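Trainee: Sequence first, then the predicted structure:
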Amino acid sequence: MQDHGRPADGCAGASDVAGVLILAGCAVWALIAAMGRPARPEGVLLAVLAVAAGYACGRIAGSLLPVAGAAAAGLAGFGLACTSPYGLTGHEGPGAAQLTLATGALCCAAWAAPRVLRPALWLPAVAITLTAVLGGSTVGSVASGAILVCSLIAARPRRLPALAACALIAAVAVGGTWAVAKGSVPGGLPPALRAHLTEHRIRLWQDAARIEEADPLRGAGPDRFGELSPAAAQPLGPEAKPHSAPLQQAAGQGLPGVALLGAAFGWMLHALWRSPRPTPVVLTAAATLTALAVESCLGNALSFSQITAGAGLLAGLATARRLNDDTGAVP
């Protein structure tokens, strides 16, 4: 059945070109923001390289082995989460993010598999969610559970409205984080939410916002937050990151850095919109990347190369064209 929510295949190459330009822009702007300062752009460059490499590997694996590639990625991600030195919860967020990506990859594999094999792939995804619950990873369990639910109903929604909803959710998460950092939440932050975020994290966010205000164009330079943040030097630290990817970009690379981060996420959603893969696979991947985006607003998940590579890998798997698929039809 043709999916009328996806544009014609003739425009597919434009998405890849846009991705190359956006990732190149991220790398170039990191170098510009670091120019003439004792900054360290290597972390940003490594993250860009990890996304690009993961995406390329995902496109190849998705073309050759769409089911086995996604399943292997999910199981590998779960193994990394279980053996991570940060644990499943992780004070900087990689554990929860790895569980999120692993669940999404297995759910994508389930939708790509023949109907008879789908329960065998959804069961490990359920097991990952239960592991997150038992391991005390609140963020990981909520994200994995949400991905499971979204995946199970992914055959019903149309592609474009669902992707638009994902973009809106990510935008709300970024806006909420920014409002907390600026102290502009209407009526103040509820005590329960404030306790969950912790005062220390809120002070880190506020420091990142103040650093951005000093130079909105270039920020203070990549990887200088730990030097400039008073909260980072407190006994609860030391912290080199502000526990929020948008605020980290704002502090290190100014508002253009935030815009480029948002453009990278938008590019992935756009590539999914034009993907030749079945809509349930596309929407499951979109839900996973959106959950990761929300997590990255609350922690330092994107500061770990295995997470950025995993996000690129999942996007590549969900946008790959089968070698024997010349029609562009979506079953």
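Mentor: Now that the structure is in, tell me what you want to look at.
Trainee: Okay, buried residues for stretch 148-156 please.
Mentor: If you call a residue buried by 16 or more other C-beta atoms under 10 Å, then stretch 148-156 has these buried ones: 148, 150-151, 154. Where you see a C-beta, it was placed from the backbone N, CA and C, and this is true even at glycine.
Trainee: and those residues, which of them are in helices?
Mentor: 148, 150-151 (DSSP state H).
Trainee: right, and out of these, which lies closest to Arg40?
Mentor: Using C-beta to C-beta, Cys150 is the member of these that lies nearest Arg40, at 37.3 Å.
Trainee: Which residue, neighbours along the chain excluded, lies closest to the closest one?
Mentor: Ala287 (3.9 Å; C-beta to C-beta, 6 or more residues apart in numbering).
Trainee: sec struct for the one you found, please.
Mentor: Using DSSP: H, G, I helix; E, B strand; the rest coil, the three-state assignment for Ala287 comes out as helix.
Trainee: in this structure, which ranges drop under the pLDDT threshold?
Mentor: 1-12, 86-93, 234-239, 324-331 (pLDDT under 70).
Trainee: Now the longest helix anywhere in it: buried residues?
Mentor: In the chain, with assignment by DSSP H, the single longest helix is helix 245-273. Under the neighbour-count criterion of 16+ other C-beta under 10 Å, helix 245-273 has 245-254, 256-258, 260-265, 267-273 buried.
Trainee: what helices or strands is it leaning on?
Mentor: helix 12-34, helix 42-64, helix 159-182, helix 199-214, helix 225-228, helix 279-298, helix 305-319 (3 or more C-beta pairs under 8 Å, 6 or more residues apart in numbering; DSSP states H and E).
Trainee: could I get the buried residues of stretch 148-156 as a markdown table with distance to Leu99?
Mentor: Shown next, in a markdown table, are the buried residues of stretch 148-156 (distance: C-beta to C-beta, whole Å):
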| residue | distance to Leu99 |
| --- | --- |
| Leu148 | 12 |
| Cys150 | 15 |
| Ser151 | 15 |
| Ala154 | 19 |
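Trainee: What is the nearest of these to Val28?
Mentor: Nearest to Val28 among the buried residues of stretch 148-156, with distances taken as C-beta to C-beta, is Cys150, at 34.9 Å.
Trainee: Just list the residues touching the closest one, thanks.
Mentor: 283-284, 287 (C-beta atoms under 8 Å, 6 or more residues apart in numbering).
Trainee: Could you identify which of those has the most neighbours?
Mentor: Thr284 (33 neighbours; other C-beta atoms under 10 Å).
Trainee: So it sits against Ala109, correct?
Mentor: No - counting by C-beta atoms under 8 Å, Thr284 does not reach Ala109; the two are 9.5 Å apart.
Trainee: hmm, which two among the buried residues of stretch 148-156 are most spread apart?
Mentor: Among those, Leu148 and Ala154 lie farthest apart (C-beta to C-beta), at 10.5 Å.
Trainee: Next, work out how far apart Ala154 and Arg118 are.
Mentor: Counting by C-beta to C-beta, to the nearest Å, the gap between Ala154 and Arg118 amounts to 12 Å.
Trainee: joint contacts of those two?
Mentor: Counting by C-beta under 8 Å, 6+ apart, the residues touching both Ala154 and Arg118 are Trp111.
Trainee: returning to what we had before: now distance to Trp29 too, for the contacts of Cys150, in JSON lines please.
Mentor: Shown next, in JSON lines, are these (distance: C-beta to C-beta, whole Å):
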{"residue": "Leu283", "distance to Trp29": "31"}
{"residue": "Thr284", "distance to Trp29": "31"}
{"residue": "Ala287", "distance to Trp29": "29"}
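Trainee: With respect to Gly226, which of these is nearest?
Mentor: Ala287 (33.3 Å).
Trainee: In contact with the closest residue in space to Ala56 that isn't next to it in sequence, which residues?
Mentor: The spatial neighbour of Ala56 that comes closest, neighbours along the chain excluded (C-beta to C-beta, 6+ apart), is Gly316 at 6.6 Å. By C-beta under 8 Å, 6+ apart, Gly316 lies in contact with 54-62.
Trainee: Please spell out the ChimeraX selection for the buried subset of the residues you listed.
Mentor: Of the contacts of Gly316, the buried ones go into a single ChimeraX selection, burial set by 16+ other C-beta under 10 Å:
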select :54,55,57,58,59,61,62
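Trainee: for the contacts of Gly316, which one is nearest Val17?
Mentor: Tyr55 (13.4 Å).
Trainee: Quick check: that closest one vs Ala240, distance?
Mentor: For Tyr55 relative to Ala240 (C-beta to C-beta), the value is 27 Å.
Trainee: How about Thr290?
Mentor: 27 Å.
Trainee: what about these two, which has more around it?
Mentor: Set side by side, Thr290 and Ala240 show more neighbours around Thr290, with 27 against 17, by other C-beta under 10 Å.
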